[in-house]
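[1] For reference, the sequence and a predicted model appear below.
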Amino acid sequence: MVKLYLRYRQAAAFGVVASGAGNAIFDASGKLAIAPALEQVALWDVKKGVQVGAWKDGDNKAEVTCICKSPNGEQYAVGYSDGSIRIWNVANATTTITFNGHRSAVTSLTFDPSGSRLASGARDTDIIIWDIVAESGLHRLRGHKDQVTALRFLTQNNLNHLISASKDTLVKAWDLATQHCVETLVAHRGEVWTLDVSSDEGTLFTGAADGEVRVWKIDAEAMAGKLELAGGGTIQGGWAGNGDDDADGVVKRAITHHGILERQSKERVTTVKMHASGRFLGVQGADRLVEVYRIRTEEELRKKLARRKKRQKEKLEKKGTGEVNGAEETAEPTLTAADEIPRIAGIRCSAKVRSFDFAPSAGNESSSLQILCTLTNNSIEVYAVAREKEEEGTRLMCGIDMAGHRSDVRTLALSSDDELLVTGSNDMIKVWNIRSRQCLKSIESGYALCCAFLPGNTHVIVGTKTGELQLFDLGRSALIENIKAHEGPLWSLQVRPDRKGVTTGSQDKDVKFWDLGFVEDPEYSKVQKRPTLIHTRTLRMSDDVLCVRHSPDGRLLAISLLDSTVKILFADTLKFFLSLYGHKLPVMSMDISSDNTIIATASSDKSIKIWGLDFGDCHKSLFAHQDSVMACQFVWGTHFLFSVGKDRMVKYWDADKFEQIMKLDGHHGEVWALAVGKYGNFVVTGSHDRSIRIWEKTEEQFVLDEERERELEEMFDQAAVQDQDRYDQPIGSGAADAEFAEEGGENETGAPGKKTAETLKAGEKVMEALDVWEEERAAFDTYEKLRKTNPSVAPPPRSPYVIAINKPDITPEGYVLHILQSIRSSDLEEALLVLPFSKVIQLLKCLVVWIEKVLTGE
């Protein structure tokens with residue numbers, strides 16, 4: 001008989017305030033922070049510090065890498081690590097447009113001032129221009145040899161250009177009308193990480209790995225008239241302004257170096273951003289500092305230059321004209337870039353800054369600037385900066401950090417009633433409500449490695465890296481006792497099955513047994529005794545202890561050691577019972593089934609072994625994960641097993657059939673911790689990506705064969721897409737096959753789209769529709785001929801595919817049009833390229849019919 005299983009699906013992902021792969025921005029009102037939260041985008045109310053919404057596409061599992069706001073303030077472009085771009089509408093939190101063109105993570109996005117075009121750059125070194133209105137790609141620009149880091153449109157002064165920066169140390173200017181690079185700037189000695197242009201598009205700012213912010217002047221006339229000669233005649237090589245100004249036939253430079261801004265930080269520049277007013281400039285490095293500069297007006301510059309001339313004149317008069325002995329003292333004073341753009345403030349955040357953004361201008365010139373900073377430790381801070389005087393300094397207005405850990409989620413545990421969840425990281429524990437997914441409490445702690453709820457669910461015990469047992473009272477949100485339990489990291493603890501004590505195992509080779517007791521403590525309460533742990537006995541092992549587990553009936557105790565063995569002892573006498581040999585690397589986690597018959601051991605050797613507890617024989621060794629298996633746990637009352645590993649996967653196993661039931665992917669980092677609800681209704685996992693995910697059991701049934709087929713289909717779709725991509729590698733991708741270079745790899749422009757599993761499926765849909773059209777058109781033509789001789793002849797039966805769309809009167813050509821309209825505009829071009837030539841001819845015949853109907857007004 002075929003066994004049926006119930007499917008698990010992700011029900012929630014929380015604990016992430018702002019993930020480190022992307023940038024965060026303000027919304028158009030300045031009240032919401034739009035921040036990347038792994039595969040979704042989180043909307044935070046910055047004043048209240050609460051999440052008010054999230055943008056998530058059910059089909060997407062890729063991480064958010066870039067966010068950009070449209071000039072209209074309603075649409076937001078979000079780039080993902082798989083190369084896709086989605087346009088989200090902030091009003092209804094939906095996405096209507098998806099672009100697929102890049103082959104790797106999108107690293108830069110920018111809208112043109114009208115909001116009708118979007119430029120995207122990625123790690124695949126390509127730049128693609130997208131038409132938002134037509135929902136399609138316009139063209140692909142190639143030329144950079146490394147990741148594209150920043151893009152900006154130039155549309156003023158009769159320009160239709162794009163400026164791009166890349167890690168290949170180059171800044172390029174592209175003419176979008178001819179789709180060619182018209183100027184290449186060797187801007188810095190290192191990787192160029194960011195650029196921005198002033199509001200009048202006359203000044204360009206670039207920041208790079210050398211720690212310098214360079215200022216450049218843009219000559220719009222020279223940019224618009226590229227390849228027109230500075231001196232007339234024919235092009236002979238060379239640039240105007242490089243020392244050979246007398247030479248004829250040189251090309252005039254459109255972008256010229258103006259100066260370097262003074263920075264306090266010496267770290268590489270990661271973000272340069274202009275304020276919407278055009279008066280302020282923000283610079284962020286790879287450290288805690290965000291520096292704010294003010295761009296002086298023309299009047300202020302004239303006054304400053306006049307003061308400088310006056311001081312020089314006074315100095316000369318004081319010295320006397322006869323003592324002037326150098327050209328420097330008589331030279332006309334000039335203003336440098338540092339004079340034009342002085343530094344007015346420096347924001348020092350609590351951790352390294354990932355990105356920053358200015359709040360939209362409120363129109364009040366006297367009000368302070370608001371700056372949103374996302375930090376690498378999963379938090380957001382908003383600072384206020386005075387607009388004029390540096391002495392007024394900066395102040396922290398608000399911060400969002402309650403809703404997530406500052407570092408990895410290393411351990412988690414569920415309460416006995418499955419209502420509460422405790423998670424631990426390197427400096428704190430957090431208590432969450434499982435139903436609302438809200439953080440109820442945050443309590444400072446040591447580096448948590450393991451944790452558990454004590455009976456009653458009002459106290460939590462935590463084992464730390466320094467070997468301490470920390471006892472927390474959740475009602476008081478306080479640490480009530482800190483016990484120095486072990487000399488090394490306390491890797492494992494478990495509440496005994498009789499619920500009267502705790503067993504701990506540590507790197508100091510000791511297994512210690514503790515009883516729950518009560519002591520009088522006036523500081524805790526004058527009327528109530530506080531709980532404590534009383535050490536009763538110690539078991540010395542031959543090697544470091546990594547995991548301890550009691551059997552549910554309390555009869556046996558399993559201890560895993562660093563020598564890759566597991567010792568099974570009798571829990572009451574601590575006498576030796578079994579030794580489990582077989583793993584090549586140490587066992588990181590283990591669990592004993594609720595009927596006390598089998599034990600599962602999860603090891604760093606990527607395998608899970610199922611052992612019998614009667615004779616210690618290995619029933620089966622499963623190659624479980626692609627990296628170390630970090631935790632495993634049985635579902636109570638069954639032999640179903642969950643496991644998690646460093647390969648970012650959660651897997652579900654049948655320990656009787658020794659088969660994988662299903663795998664759950666969603667995490668973006670190593671999965672460290674696992675907790676299974678009492679009856680397997682849900683599973684909770686904690687990861688290096690700082691997210692906590694809940695996987696709930698659904699009512700959807702499936703058999704193993706179906707699941708294997710689905711996994712194979714996904715694998716084949718992925719292989720088909722990769723096979724198409726290998727003939728069109730971008731420049732700098734390191735493609736080994738030079739023979740395909742002439743097929744488009746060296747061209748400066750290319751088609752904007754790419755083949756995906758969706759476009760292949762869309763092409764198949766069109767082919768199926770054309771097959772239906774061919775059959776139905778032949779049947780209708782025969783019917784028309786017969787009707788001339790016999791008017792009462794019955795019409796031909798319609799195709800089941802036509803009947804399925806519930807439009808009985810639709811013509812065969814109308815059916816093809818209906819199928820084409822159901823395909824996304826951004827996928828249509830690639831879908832049509834899949835069609836074989838015979839189908840293209842059929843499609844053209846349909847096209848003729850559609851055009852005739854439009855012309856005749858039908």
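    Right, received. Where do you want to start? Everything numeric here is computed off the predicted structure, so don't read it as measured data. Residues are numbered from 1 along each chain as shown.
[2] Dump stretch 547-566 to PDB, restricted to CA.
    Listed next in PDB are the C-alpha coordinates belonging to stretch 547-566 (Å, rounded to 0.1, in the frame of the first residue of the first chain):
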ATOM      1  CA  CYS A 547      25.600  16.200  23.000                       C
ATOM      2  CA  VAL A 548      23.600  14.500  25.800                       C
ATOM      3  CA  ARG A 549      20.100  13.000  25.300                       C
ATOM      4  CA  HIS A 550      17.800  11.000  27.700                       C
ATOM      5  CA  SER A 551      15.400   8.400  26.300                       C
ATOM      6  CA  PRO A 552      11.800   9.500  26.800                       C
ATOM      7  CA  ASP A 553      11.300   6.700  29.400                       C
ATOM      8  CA  GLY A 554      14.300   8.000  31.400                       C
ATOM      9  CA  ARG A 555      16.000   4.500  31.300                       C
ATOM     10  CA  LEU A 556      19.000   5.400  29.000                       C
ATOM     11  CA  LEU A 557      21.400   8.300  28.600                       C
ATOM     12  CA  ALA A 558      23.200   8.900  25.200                       C
ATOM     13  CA  ILE A 559      26.400  10.900  25.100                       C
ATOM     14  CA  SER A 560      28.200  11.900  21.900                       C
ATOM     15  CA  LEU A 561      32.000  12.500  22.100                       C
ATOM     16  CA  LEU A 562      34.500  14.300  20.000                       C
ATOM     17  CA  ASP A 563      36.000  10.900  19.000                       C
ATOM     18  CA  SER A 564      33.000  10.400  16.800                       C
ATOM     19  CA  THR A 565      31.400   7.700  19.000                       C
ATOM     20  CA  VAL A 566      28.200   7.700  21.000                       C
END
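[3] residues near Asp572, how many?
    Residues contacting Asp572 under the criterion other C-beta atoms under 10 Å number 10. In this view, the C-beta of every residue, glycine as well, is placed from N, C-alpha and C.
[4] Kindly report the same for His405.
    Counted with other C-beta under 10 Å, His405 comes out at 29.
[5] just Ser415 next, same as before
    20.
[6] now do Pro489
    Residues contacting Pro489 under the criterion other C-beta under 10 Å number 19.
[7] Then Ser277?
    Look at Ser277: counted by other C-beta under 10 Å, it has 15 neighbours.
[8] For it, which residues are in contact?
    Shown in contact with Ser277 (C-beta atoms under 8 Å, 6 or more residues apart in numbering): 199, 361.
[9] give me the element it is part of.
    Under the criterion DSSP states H and E, no helix or strand holds Ser277.
[10] pLDDT score assigned to it?
    Ser277 carries a pLDDT score of 87 in this model.
[11] again, but for Pro812
    86.
[12] what sits against it?
    772-773, 776-777, 780, 802.
[13] Just the buried positions in the strand or helix carrying Lys839, please.
    Under the criterion DSSP H and E, the helix or strand holding Lys839 is helix 837-856. Residues of helix 837-856 classed as buried by neighbour count (16 or more other C-beta atoms under 10 Å): 839, 842-843, 846, 849.
[14] Can you lay out those residues as TSV showing pLDDT and distance to Val272?
    As requested, these are exported to TSV (pLDDT from 0 to 100; distance: C-beta to C-beta, whole Å):
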residue	pLDDT	distance to Val272
Lys839	88	50
Gln842	88	54
Leu843	89	49
Cys846	88	52
Val849	87	55
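[15] which helices and strands does the helix holding Lys839 pack with?
    Counting contacts by 3 or more C-beta pairs under 8 Å, 6 or more residues apart in numbering; DSSP states H and E, helix 837-856 packs against helix 757-789, helix 812-821.
[16] can you redo the ones you listed as TSV with distance to Ala35?
    Putting the helices and strands packed on helix 837-856 into TSV (distance: least, C-beta to C-beta, whole Å) gives the following:
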stretch	distance to Ala35
helix 757-789	28
helix 812-821	36
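[17] nearest to Leu622, of these?
    helix 757-789 (29.2 Å; C-beta to C-beta).
[18] Among the contacts of Pro812, which one has the most neighbours?
    Neighbour tally across those (other C-beta under 10 Å): the maximum, 25 neighbours, falls on Trp773.
[19] Name all residues that make contact with it.
    812-813, 815-816, 842, 846.
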